[in-house]
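Undergrad: Fold the following and give me the result.
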Amino acid sequence: MKIQCNQCQTQYSVDETKIPEQGANVICKKCNEKIIIAPKKKVLQVDPDNLLRIEKLLERIAISLEAIVNIVSIQNDDNGSKLSDWVSHDEPANGSKIHINEDQRNEIIVNYLDKRLIQIKRLPEAQASDDLINSFAMYLGDNYDAIEKLYKMIKRTMQKGESFKLHIANEPQKAISSMCQFAHRLYQSAFLADYKYHKSPQFLITARSSSLPNVQNFFSGQWLERYILQKMIEVVVNYMANHSTHLKWSYLINPQIKLPNEDDFELDILFEVQERMYWVEAKTGDYQSYIDKYTKMSKVLGVDNQHAFMVLTNIEDNLCGSLSSMFSMNVCSIHSFMEAFADVLSQDLQNQ
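TA: Residues are numbered from 1 along each chain as shown. Okay, here's the model as predicted:
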């Protein structure tokens, strides 16, 4: 290697292998100036497999961030507004953006509960991932029949983060497409720890569920609550648009409350339109054990069976009427809820 004296510019050739790791000092033979030789640069040895894993992780993070940006952009386009902006007490539904003073957003519901000696202990805080979770919830809800097998497999294996195989050769093309698209989106956002689709002739999905708490919370039932809430908002917004009118409305999702007897309880959704209360409980699993509890709760809340809804994923539509007549709730499938809520809302508004 070449070194040079800073004083007289004389150059010297040095055997690089003889330079200590910490560097060295030598004296210029021409002017006696000290020449400092810098320490050797250490080359970091990295396992190629680790580099590949890091590269894939960074790619997934980048894709997830891009997905969030796209979702936010869609929800803020020129023809609409963000979900949180739709909650309104003061502005007409004329296609313009709707805004709400956050301090007033839940005032009507809070007063309603206060009159029944029910205290709100805690409300979930907004999270940066809410838009992404809402997007997943909408896709799962709108395509539930097609995605059901994949969803149940994830739900069954997520507690331990287990790998699974799902054979889909006998599924309709729409179901195959929907499951693959949903699984790919979940994998991009780390809601699946691993995913691969094996095309013909296998027609096989291999994946590994994530055991992260927020992922388990989503698949355990949060998705259905978010889906139902967005559908209720859609019904109200459509009603305002179709009738060229303005409605005052607000909601609470997952409030933890304390009942007059000091018992704690968590509600799924309390939704208010023109000071009329609608209570919704959403269940992705067995519901039988909750019927008695919800019957008692409807009396405490002061909500009759027309305005108390139970939305179930695993029920035939033709059973909903029978169950509704037996219990103090309006029992709906995921498919029939939107129409049932729209009918009750329409009747309430016409009778005002």
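Undergrad: use CA for all of it now, contacts and neighbours both
TA: Fine.
Undergrad: where along the chain do the helices fall?
TA: Counting by DSSP state H, the chain has helices at residues 48-75, 107-115, 130-142, 144-157, 173-188, 213-217, 223-243, 291-301, 317-326, 337-350.
Undergrad: May I see those helices organised as TSV, with mean neighbour count and distance to His307 added?
TA: Shown next, in TSV, are the helices of the chain (neighbours: other Cα atoms under 10 Å; distance: least, Cα to Cα, whole Å):
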stretch	mean neighbour count	distance to His307
helix 48-75	14	29
helix 107-115	15	15
helix 130-142	19	22
helix 144-157	18	25
helix 173-188	19	33
helix 213-217	15	27
helix 223-243	19	13
helix 291-301	15	9
helix 317-326	13	12
helix 337-350	15	7
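Undergrad: Could you dump the ones you listed into a markdown table and include mean pLDDT?
TA: Converted to a markdown table, the helices of the chain look like this (pLDDT from 0 to 100):
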| stretch | mean pLDDT |
| --- | --- |
| helix 48-75 | 58 |
| helix 107-115 | 93 |
| helix 130-142 | 94 |
| helix 144-157 | 95 |
| helix 173-188 | 95 |
| helix 213-217 | 92 |
| helix 223-243 | 95 |
| helix 291-301 | 88 |
| helix 317-326 | 84 |
| helix 337-350 | 95 |
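Undergrad: Nearest to Ala282, out of the ones you listed?
TA: helix 223-243 (6.0 Å; Cα to Cα).
Undergrad: For the closest one, C-alpha coordinates in CSV please.
TA: These are the backbone C-alpha positions of helix 223-243, laid out as CSV (Å, rounded to 0.1, in the frame of the first residue of the first chain):
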residue,chain,number,x,y,z
TRP,A,223,-62.7,-8.6,12.6
LEU,A,224,-66.5,-9.3,12.8
GLU,A,225,-67.1,-6.4,15.2
ARG,A,226,-65.2,-4.0,12.9
TYR,A,227,-67.0,-5.4,9.9
ILE,A,228,-70.5,-5.0,11.4
LEU,A,229,-69.6,-1.4,12.6
GLN,A,230,-68.6,-0.4,9.0
LYS,A,231,-71.7,-2.0,7.6
MET,A,232,-73.9,0.0,10.1
ILE,A,233,-72.1,3.2,9.0
GLU,A,234,-72.8,2.2,5.4
VAL,A,235,-76.5,1.8,6.1
VAL,A,236,-76.8,5.2,7.8
VAL,A,237,-74.8,7.0,5.1
ASN,A,238,-76.9,5.3,2.3
TYR,A,239,-80.1,6.3,4.1
MET,A,240,-79.0,9.9,4.2
ALA,A,241,-78.0,9.9,0.6
ASN,A,242,-81.2,8.1,-0.6
HIS,A,243,-83.5,10.4,1.4
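Undergrad: Show me what it is in contact with.
TA: 83, 86, 93-94, 133-134, 136-138, 140-141, 245-247, 253, 268-269, 281-284, 338, 341-342 (Cα atoms under 8 Å, 6 or more residues apart in numbering).
Undergrad: what residues are up against Ala175?
TA: Ala175 is in contact with Asp145, Ala146, Ile147, counting by Cα under 8 Å, 6+ apart.
Undergrad: domains in this structure, as residue ranges please.
TA: As recorded under automatic domain parsing, the domains making up the chain are 2-37, 84-127+221-350, 130-214.
Undergrad: how long is the shortest one from one end to the other?
TA: Just to be clear, that refers to domain 2-37. 10 Å (Cα to Cα, to the nearest Å).
Undergrad: Report the distance from that domain to the chain centre.
TA: 62 Å (Cα atoms, centre = their mean, to the nearest Å).
Undergrad: Now that domain: buried residues?
TA: Cys5, Cys28, Ile35, Ile37 (16 or more other Cα atoms under 10 Å).
Undergrad: Can you tell me the centre-most residue of the protein?
TA: Ile133 (1.4 Å; Cα atoms, centre = their mean).
Undergrad: and that one, what is it in contact with?
TA: Phe218, Trp223.
Undergrad: one more time with 7 Å, if that's ok
TA: By Cα atoms under 7 Å, 6 or more residues apart in numbering, the contact set of Ile133 is empty.
Undergrad: Next, work out how far apart it and Leu117 are.
TA: 33 Å.
Undergrad: Same check on Pro39?
TA: Going from Pro39 to Leu117 by Cα to Cα gives 75 Å.
Undergrad: Please identify which of these two sits among more neighbours.
TA: Neighbour totals were compared for Pro39 and Leu117, and Leu117 leads with 15 against 12 (other Cα atoms under 10 Å).
Undergrad: which residue packs closest to the more buried one, ignoring adjacent ones?
TA: Leaving aside its chain neighbours, Leu117 sits nearest to Pro260 (5.5 Å; criterion: Cα to Cα, 6 or more residues apart in numbering).
Undergrad: How many residues are close by the one you found?
TA: Using other Cα under 10 Å, Pro260 has 12 other residues around it.
Undergrad: Surely it touches Gln119?
TA: No - with contacts counted by Cα atoms under 7 Å, Pro260 stays clear of Gln119, the gap being 8.2 Å.
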